[in-house]
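In: quick one, fold the following:
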Amino acid sequence: MSGSSPARQWLFDKSLLVPATSTLRDICVRAASDTELHIYQCICRAVSSDKLHAWETALFEKRKDGSTHLEWLQEAPRRRSQKYLRGLFQKIEYLTQLGVSDIELREVAMERLQSYARQLRHKRPSRFRKLTEITRTLQLVSFLRVTLSEAADAVLQLAGKLTSDIVSNATEHVKRTEGAMLIDYRKVLLEILTLVEDETVSAESLQTTLRKMSGQLKAKIHPTRAAAVRARFTDKIPAVRSLLRAMTDLPIEGSTTDRAIAGLSELKTLYARHAFQLPVKERDVAKGWKAHVEDAADRERAMRALEVSTLFELRRSLRRGGCWLEYSNAYRSREQMLIPEEQWRAQRRRHLSLLRLPENPKEYLASLVVAAKQGMDAVSRGLARGELTVDKGDIHLPKLDKEDVLPAVTHARDAIASLIGTIQLPELLLEMDVQTRFTNTLLGRAPRSEHELLVTYGALLAHGTEMNASKVALMIPSLKPEEISAAMKLLEGEARSTRRIKSSLNLSTGCP
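Out: Numbering: from 1, shown residues only. Sure, this is the predicted structure:
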């Protein structure tokens, strides 16, 4: 019933006759079957049967640790760390060698691929082999393609976070250094005052000593804190070079004039030659980095400066769309994110109808202009009446006074609290589970052990609150974050959602 509700709403919006629920459900089932067949045909055109067989064989091969490649790819994500980042690069390399990055499935929406991939993410190898050929193909290809996209997204996101961490650490180091330099300045000032008061020191000797002090301080003085932070980046930071070595192996694309692409290309060539001294030549780098990259006498420091500047430019270009990774989902090219031009011409009216937008953009903009004028008039009237103030382009409203609580509300609240009494959340979870058996519905069976029951409760807490798996694991000492993460993904599966919907419908209608 729930699946046919959108279809019923669509027919009603189109002023079409709404058939019976059973008829509408049959139509939805046929449409879903046709869509699945279309996706299967698209996959068969993109991937040959020999490659499909090779992928299936490779996924069930054993790794050194005894697990299969499928189980390795199914592992839940762990917390951010260098080890986790290396694991992501290994997954990308493995999937790229299989040829997953070469397939094109532009006719299939990513949401469809993610739906099929979720079905295989928590499926045991023995159960996967029992599926029909069409279902195996859909789930296998979707899982590999989505896993590659998610790994690429995670790598690029972690690279951005690692860049932010490097900036934070360098800034903190500069702040600490500034405090130490103040002490040095005080010492130098006291030495100068002592020399000035010493009448036995000649003018030439005083001048020589002052020049020596000046030379020592010039090496530490930077015009701004940002310049000091950039100078700090030229020191050895192993995380930068190891990250960029791996990033240069990714097929990141973009304009040839983009600084990030030019930097990655040059660094890839230098890494291949095992060269760590930057050749002297003109480069298109940001103004703040020219002194460290082009004019630096120490070419090893210049190399490190180019690495950090390239890392910054790459983060900026990925955010604004100047660079992209073809098999990524979050960092795709603009052409991949937009509807193809031919498809847009053919289905333009359909999309506008679904979004309930007029074909003429002027009609849509006119309504926005009218709403904006009404809002400005309301602000003007409120400003004239003194109901609000405008300061530095921001609208400020006076703080609302707290309303008094009605005695009837207080009495009702106290009565409810006294009736329920004091209860802890674990007791409430257990009581609700005893009354409704929701864990049986979520797992599809009764929990086999107390540990499995606790893991299910932990996953529910993580889904229902702002806490992540690590924070929930701290609340329940016997659980590990990896177990809670795996249980959270299990509860996200569509099969579980469908079972929950059917169970709630049966409870509400009294069906067996």
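In: separation between the residue of the chain most remote from its centre and L206?
Out: The C-alpha centroid of the chain is most remote from T200, which lies 69.0 Å away (C-alpha atoms, centre = their mean). Relative to L206, T200 is positioned 11 Å away (criterion: C-beta to C-beta, to the nearest Å). From N, CA and C alone the C-beta is placed, and that goes for glycine too.
In: what of R299?
Out: In this view, R299 and L206 are 38 Å apart by C-beta to C-beta.
In: low-confidence stretches in the stretch 101-250 of the chain?
Out: The stretch 101-250 of the chain contains residues with pLDDT under 70 at 179-185, 214-223.
In: need the helices for it, in chain order.
Out: Per DSSP state H, counting those that start in this stretch, the stretch 101-250 of the chain carries helices over the ranges 110-121, 125-129, 133-197, 203-218, 225-233, 238-247.
In: neighbouring contacts of the first one?
Out: To tie it back to what came earlier, the one meant is helix 110-121. With contact meaning C-beta atoms under 8 Å, 6 or more residues apart in numbering, helix 110-121 is reached by 35, 39, 74, 105, 128, 138-140, 142-143, 145-147, 149, 329, 489, 492-495.
In: filter these to the buried ones?
Out: 39, 74, 105, 128, 138-140, 142-143, 145-147, 149, 329, 489, 493 (16 or more other C-beta atoms under 10 Å).
In: report the two of these separated the most.
Out: The span of these, defined through C-beta to C-beta, is set by F128 and N329 at 23.7 Å.
In: for the host helix or strand of A487, name the packing helices and strands.
Out: A487 belongs to helix 481-492 when elements are defined using DSSP states H and E. In terms of contacts (3 or more C-beta pairs under 8 Å, 6 or more residues apart in numbering; DSSP states H and E), helix 481-492 is packed against helix 110-121, helix 450-464, helix 469-475.
In: which one of these lies nearest to V434?
Out: With C-beta to C-beta as the measure, helix 450-464 is the member of the helices and strands packed on helix 481-492 nearest V434 (11.7 Å).
In: other SSEs contacting that closest one?
Out: helix 425-436, helix 438-443, helix 469-475, helix 481-492.
In: what sits closest to the residue positioned nearest the centre of the chain if chain neighbours are left out?
Out: The chain has Q157 as the residue nearest its centroid, 5.9 Å off, counting by C-alpha atoms, centre = their mean. Excluding its sequence neighbours, the residue lying closest to Q157 (C-beta to C-beta, 6 or more residues apart in numbering) is A330, at 7.5 Å.
In: please apply the same query to E150.
Out: The shortest distance from E150 to any non-neighbouring residue, by C-beta to C-beta, 6+ apart, is to N329 (7.3 Å).
In: hey, where'd the helices end up in the stretch 251-400 of the chain?
Out: So, for the stretch 251-400 of the chain - with DSSP H, counting those that start in this stretch - the helices run 259-272, 290-293, 299-320, 334-337, 341-355, 361-384.
In: so what touches the fourth one?
Out: Residues external to helix 334-337 that are found in contact with it (C-beta under 8 Å, 6+ apart): 106, 321, 324, 326.
In: could you redo the last one with a cut-off of 6 Å?
Out: Contact with helix 334-337 is made by G321, as judged by C-beta atoms under 6 Å, 6 or more residues apart in numbering.
In: cool, the fifth one as well?
Out: Residues from elsewhere that reach helix 341-355 (C-beta under 6 Å, 6+ apart): E359.
In: please begin residue numbering at 334 from this point
Out: Sure thing, new numbering starts at 334, so read that last one as helix 674-688.
In: okay, the angle between it and helix 694-717?
Out: Between the axes of helix 674-688 and helix 694-717, defined by axes from the mean of the first three to the mean of the last three C-alpha atoms, to 10 degrees, the angle is 50 degrees.
In: distance to K614 and mean neighbour count added to the helices and strands packed on helix 814-825, as a markdown table?
Out: Converted to a markdown table, the helices and strands packed on helix 814-825 look like this (distance: least, C-beta to C-beta, whole Å; neighbours: other C-beta atoms under 10 Å):
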| stretch | distance to K614 | mean neighbour count |
| --- | --- | --- |
| helix 443-454 | 42 | 19 |
| helix 783-797 | 53 | 18 |
| helix 802-808 | 47 | 17 |
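In: CSV for the ones you listed, including distance to V562?
Out: Shown next, in CSV, are the helices and strands packed on helix 814-825 (distance: least, C-beta to C-beta, whole Å):
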stretch, distance to V562
helix 443-454, 39
helix 783-797, 37
helix 802-808, 31
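In: closest to R637 out of these?
Out: Using C-beta to C-beta, those put helix 802-808 closest to R637, at 33.6 Å.
In: what's the offset of the closest one from the middle of its chain?
Out: 21 Å (C-alpha atoms, centre = their mean, to the nearest Å).
In: show me the contacts for G493.
Out: G493 sits in contact with R648, where contact means C-beta under 6 Å, 6+ apart.
In: same thing with L762?
Out: Neighbouring residues of L762 by C-beta under 6 Å, 6+ apart: Y790.
In: where's it relative to L775, distance?
Out: 13 Å.
In: same check on E426?
Out: For E426 relative to L775 (C-beta to C-beta), the value is 36 Å.
In: settle it for me: which of those two has more neighbours?
Out: Each of E426 and L775 has its neighbours counted (other C-beta atoms under 10 Å); L775 has more, 19 against 14.
In: domain parsing for this structure?
Out: The chain breaks down into these domains under automatic domain parsing: 334-371, 372-481, 492-669, 693-730, 758-838.
In: quick check, T755 in a helix?
Out: No - assessed with DSSP: H, G, I helix; E, B strand; the rest coil, T755 is coil; it does not lie in a helix.
In: can you give me the neighbour number for it?
Out: Other residues close to T755 by other C-beta under 10 Å number 6.
In: turn the helices of the stretch 434-583 of the chain into CSV, including distance to G621.
Out: Conversion of the helices of the stretch 434-583 of the chain to CSV gives the following (distance: least, C-beta to C-beta, whole Å):
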stretch, distance to G621
helix 443-454, 38
helix 458-462, 54
helix 466-530, 13
helix 536-551, 19
helix 558-566, 6
helix 571-580, 17
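In: check the gap between the residue nearest to L644 when sequence neighbours are not counted and E511 for me.
Out: Spatial nearest neighbour of L644, excluding adjacent residues (C-beta to C-beta, 6+ apart): T496 at 5.3 Å. Taking C-beta to C-beta as the measure, T496 and E511 are separated by 23 Å.
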